[in-house]
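Asker: The following block contains a protein sequence and its predicted model.
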Amino acid sequence: MTETAELSFVRRYVFSTDHKVIGKQFLFTAMGFFTLGGILALLMRTQLAWPWQEIPVIGKLLFGSGGNILPPETYPALVTMHGTIMIFFFIIPILSGALGNFLIPLMIGAKDMAFPRLNLFSYWVMVPAFIVMLASFFVATGPAAAGWTSYVPLSILKDAIPGSEMGQTLWVLSMMLVGTSSILGAINYITTIVMLRAPGMDMFRLPMTIWALFVTAILATFATPVLTAALILMFLDRTIGTLFFAAGEGQVILWQHLFWFYSHPAVYIMILPAMGVASDIISTFSRKPLFGYKPMVYSIMAIAALGFTVWGHHMFVSGMNPLLGLTFMTSTMLIALPSAIKTFNWLGTLWGGNLQLRAPMLNALAFVSTFVIGGLSGIFSAATPVDIFLHDTYWIVGHIHYVLFGGSLFGVFAGVQYWFPKMFGRMMSDGWGRIHFILTFVTFNLIFLPMFVLGGYGMPRRIADPYVYEMFTNLQGLNQFMTYALYVLALSQFILAGNFFYSLFRGKVAGKNPWKANTLEWTLDSPPPHENFEHIPTVYRGPYEYSSPLVSADWLAQDQYLDGTKPPEVMPAPAVSPAAGD
Amino acid sequence: MGGLVPGLSTIAGPIDQLFMVVLILTGIAFFLVEGILIYFLVRYRYREGRKAKFVHGNRRVEILWTVIPGLMLFGLAVFQYDTWTKAKIDFPSEAVSEVIAVSANQFEWKATYAGEDGKLGTEDDIQAPINVLHFPVGRPIIVELQSTDVLHSFFIPVLRVKQDAVPGRPSRVWFQAIAEGEYELACAELCGLGHYRMRGFVTLESQEKFEAWLEEVAARR
């Protein structure tokens, strides 16, 4: 397939098998869904600040028939769709789909994925998922409204909530397609990383981003089929009247077990790639080797393995046998350990470095500092007696957002700004990047830190109007403050979008290696050509040889030959053409 | 929790203490990590021409920062066992407890009290008005929870009590109140469009007042 120029526009940019194009497709769709998920959050927080008030501007557009006021059945739908969209249509696709697709072949020295056509399919199977999920907003009874967790029986009894009519069926269908895409992508990633590494690229010379994506793919391969199976059972319960999850005849709590058996590992699917991205960026901008490479790799593996043993911590007060609470608490406490080790190693990387605080680095550091809060707040809810009070309160909402916004999203901001020059050949503005960072970092904390206070008061999540309760009336001021902070945060994202799209066309031309980084993607043109490497590079060293005494520069590329460097003895990758196995 | 909500049950003290223990330990970890992070950002900020340390790691510190937090986390888990067992596993005997049935449905709570025979599920059971719950102070209360439609969760913040009501699968929760007063019961599990207004009114009162209230309710029937 060297006759690139002859490929039609459709084959090159729409139904492309080029991993870089597929990565960008995931990137742009995920950005669209980030916007939608954000709008849902704005509606939710506006309701929490001023419940049942007329919503200016968009209220008329959305709820014109109801006096521009949010109807009570819409709030659970907002909660449900915000969670679903941000998790399954934004974070997972942008980390695994966009960064994973774009980076894996480039960073391991391959011409493409092992199965390019499977890769194409993994994106295009998402498209009907997008359409079905978006269509559910327009059915008469509204989209799914049983929470992103879709606990039964609320999600099965059609008259339990309007969203449990057509909306929930569409939700289940769309999620099955998302799961299919995940599994296909994961198999492709595993095969590619195992089979197509360039000569000399031992497993322990892989950049952390690739290690993280590799372990994430293994997690997805083992966990996602469980969710897909559970979704099929739910679909049958809803359509042909089976009773898998029905009260009495079936098992209500079984859904929770199956759902969390997938969804707890899924939290790590959402955070591990961001950890990898942060590791690479922190090492690059510290101009210093990553501290404790192997402990970092083993921590990722430990998180993945332990990740399958902790799902019951979502169910301490669900009616699950309380004895199990003790074992799930212990495993949950222990899973904090590899995260702690990673944090210490990031600090170790900074120690003695020469820190360049550019926009990607600032976002990676924000990842570390807010992930710490996310992790530590999890210890409270892991402690079963404390969780009796904190479960299903805003404490949990704060915790998950410190992990997924503070962690994953700052990881995304860092990764996109770091690899933007490689993706599009131009630089994003560092100045505007810093302004976006400061505004987002400050307002993020102003929104989510108070959630721990709300949780301390016991304010439950998913409540459309907390002030129905006398015990929460004193929290309205705080809620309004958080909502104002969200408005500023939302506006700040226009800076990022503006910087992104302006730089796409007008940014400074990047050149091959604007950050003076070591990994293989930076040896290529920006953007890299079709099939990436004209000659497969030979790798002589690990990815983090910054400030090596062997050279006068403060970086040393993985493929740079130095006199006396031992050539690689083993050729781990057979010379398979990427398309051959497809 | 954390001094924000009064703790009015026998289990509230131990739970709040554990919260404080976790708060202090995680607080130390938080300030340590963020402090070091900020210090490094200032100390090692970019200087033209300076080369960073060429260090790949250190086995001794890796072992230290694996073993110490590992033992602390494991210890912290074991430290919770006793209170969890008291709260959710070891129930007081029914003979010394007031056993009350609470049924949840969209979007109300219905409490049923034993009549003169002291047993639930008999003719003389007393049905309290919807969303009204009275509990005597100073003796164990066992609530037999059930739901007739979807999941709900029985959450009384001042008592540090939360338990899901699962349709088709009754569950139990116990507590012992230590002070009188009027408080609220919230539904903590999304149960439909009226979830936010599934509010109960809880009265904690002396045994005498409780019995008087029960008689009054029975008489009204």
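Answerer: Now that the structure is in, tell me what you want to look at.

Asker: Check which helix or strand B:His134 maps to.
Answerer: strand B:132-136 (DSSP states H and E).

Asker: Secondary structure of B:Ile110: a strand, I assume?
Answerer: Heads up, residue B:110 is Lys, not Ile. Yes: counting by DSSP: H, G, I helix; E, B strand; the rest coil, B:Lys110 is located in a strand.

Asker: Not counting sequence-adjacent ones, nearest residue to it?
Answerer: B:Ser103 (4.7 Å; CB to CB, 6 or more residues apart in numbering or on different chains). For the C-beta atoms, the positions are set from N, CA and C on the backbone; glycine is no exception.

Asker: Let me know the outermost residue of chain B.
Answerer: Most distant from the centre of chain B: B:Gly49, at 57.3 Å, with distances by CA atoms, centre = their mean.

Asker: How far does stretch B:32-43 sit from its chain's centre?
Answerer: Centroid displacement of stretch B:32-43 relative to its chain, using CA atoms, centre = their mean, to the nearest Å, is 36 Å.

Asker: Now it - C-alpha only, CSV.
Answerer: Output of stretch B:32-43 as CSV, limited to C-alpha atoms (Å, rounded to 0.1, in the frame of the first residue of the first chain):
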residue,chain,number,x,y,z
LEU,B,32,3.6,15.7,52.4
VAL,B,33,3.1,14.9,48.7
GLU,B,34,1.8,18.3,47.7
GLY,B,35,4.5,20.1,49.8
ILE,B,36,7.3,18.1,48.2
LEU,B,37,5.7,18.7,44.8
ILE,B,38,5.6,22.4,45.2
TYR,B,39,9.1,22.5,46.8
PHE,B,40,10.6,20.6,43.8
LEU,B,41,8.8,22.9,41.3
VAL,B,42,10.5,25.9,42.8
ARG,B,43,13.9,24.2,43.7
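
Asker: and it with chain A, contact?
Answerer: Yes: on the criterion CB under 8 Å from any CB of the partner chain, stretch B:32-43 is in touch with chain A at B:Val33, B:Glu34, B:Ile36, B:Leu37, B:Phe40, B:Leu41.

Asker: The fourth one: which element?
Answerer: Meaning B:Leu37. Per DSSP H and E: helix B:12-43 holds B:Leu37.

Asker: what's the pLDDT at A:Thr565?
Answerer: Looking at A:Thr565, its pLDDT stands at 69.

Asker: do B:Ser147 as well
Answerer: At B:Ser147, pLDDT is 96.

Asker: how about it, phi and psi?
Answerer: Torsion angles at B:Ser147 (phi, psi; degrees, to the nearest 10) stand at phi -130, psi 150.

Asker: tell me the mean pLDDT for the host helix or strand of A:Met81?
Answerer: Assigned by DSSP H and E, A:Met81 falls within helix A:74-84. The pLDDT scores in helix A:74-84 average 95.

Asker: I'd like the next helix or strand past it.
Answerer: As assigned by DSSP H and E, the chain's next helix or strand after helix A:74-84 is helix A:92.

Asker: can you list the residues that contact that following helix?
Answerer: A:Ser182, A:Ala266, A:Ile269, A:Met270 (CB atoms under 8 Å, 6 or more residues apart in numbering or on different chains).

Asker: My read is that the third one contacts A:Phe222, right?
Answerer: When you say that, I think you mean A:Ile269. No: using CB atoms under 8 Å, A:Ile269 makes no contact with A:Phe222, being 10.7 Å away.

Asker: Show the secondary-structure elements that the lowest-mean-pLDDT helix or strand in chain A is packed against.
Answerer: None of the helices or strands of chain A scores lower by mean pLDDT, DSSP states H and E than helix A:58-63, at a mean of 78. Secondary-structure packing of helix A:58-63 (3 or more CB pairs under 8 Å, 6 or more residues apart in numbering or on different chains; DSSP states H and E): helix A:19-49.

Asker: now with 6 Å?
Answerer: Here helix A:58-63 touches no other helix or strand, going by 3 or more CB pairs under 6 Å, 6 or more residues apart in numbering or on different chains; DSSP states H and E.

Asker: Return it as PDB; C-alpha atoms alone will do.
Answerer: In PDB, the C-alpha atoms belonging to helix A:58-63 read as follows (Å, rounded to 0.1, in the frame of the first residue of the first chain):
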ATOM      1  CA  ILE A  58     -31.300  27.500  26.700                       C
ATOM      2  CA  GLY A  59     -34.200  26.900  29.000                       C
ATOM      3  CA  LYS A  60     -36.600  28.200  26.300                       C
ATOM      4  CA  LEU A  61     -34.900  26.100  23.700                       C
ATOM      5  CA  LEU A  62     -35.000  22.800  25.700                       C
ATOM      6  CA  PHE A  63     -38.000  23.100  28.000                       C
END
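
Asker: how far does it sit from the chain's center?
Answerer: Chain-centre distance of helix A:58-63: 30 Å, with CA atoms, centre = their mean.

Asker: just stretch A:488-497 next, same as before
Answerer: Taking CA atoms, centre = their mean, the mean C-alpha location of stretch A:488-497 is offset from the chain mean by 19 Å.

Asker: counting contacts, what elements does the helix or strand following the helix holding B:Leu37 pack onto?
Answerer: Downstream of helix B:12-43, the next assigned helix or strand under DSSP H and E is helix B:59-84. The contact analysis (3+ CB pairs under 6 Å, 6+ apart) places helix B:59-84 against helix A:322-350, helix A:384-390.

Asker: pLDDT weak spots in chain B?
Answerer: Chain B contains no residues with pLDDT under 70.

Asker: re the thing from before, roughly how far does the residue farthest from the centre of chain B sit from A:Asp554?
Answerer: 10 Å (CB to CB, to the nearest Å).

Asker: go on, A:Tyr484?
Answerer: Applying CB to CB to A:Tyr484 and A:Asp554 gives a distance of 44 Å.

Asker: which of these two has more neighbours?
Answerer: A:Asp554 (18 against 15; other CB atoms under 10 Å in any protein chain shown).

Asker: Give me the pLDDT value at the more buried one.
Answerer: In this model, A:Asp554 carries a pLDDT of 92.

Asker: ok, now A:Val576?
Answerer: pLDDT, A:Val576: 49.

Asker: any idea how chain B splits into domains?
Answerer: B:12-89, B:94-219 (automatic domain parsing).

Asker: Neighbours of residue 168, how many?
Answerer: I'll assume chain A. For A:Gln168, using other CB under 10 Å, the count is 29.

Asker: try chain B instead
Answerer: By other CB under 10 Å, 16 other residues sit near B:Gly168.

Asker: Quick one: residues contacting it.
Answerer: A:Ala247, A:Gly248 (CB atoms under 6 Å, 6 or more residues apart in numbering or on different chains).

Asker: What are the phi and psi values at it?
Answerer: Dihedral angles for B:Gly168 - degrees, to the nearest 10 - are phi 80, psi 0.

Asker: Could you state which residue of chain A sits nearest its centroid?
Answerer: In chain A, the C-alpha nearest the mean C-alpha coordinate belongs to A:Ile91, at 3.1 Å (CA atoms, centre = their mean).

Asker: give me every residue that touches the one residue in the stretch 1-150 of chain A that gets nearest to chain B.
Answerer: Going by CB to the nearest CB, chain B is nearest to A:Glu73 of the stretch 1-150 of chain A, at 3.9 Å. Each residue near A:Glu73 by CB under 6 Å, 6+ apart is listed here: A:Pro162, B:Leu193.
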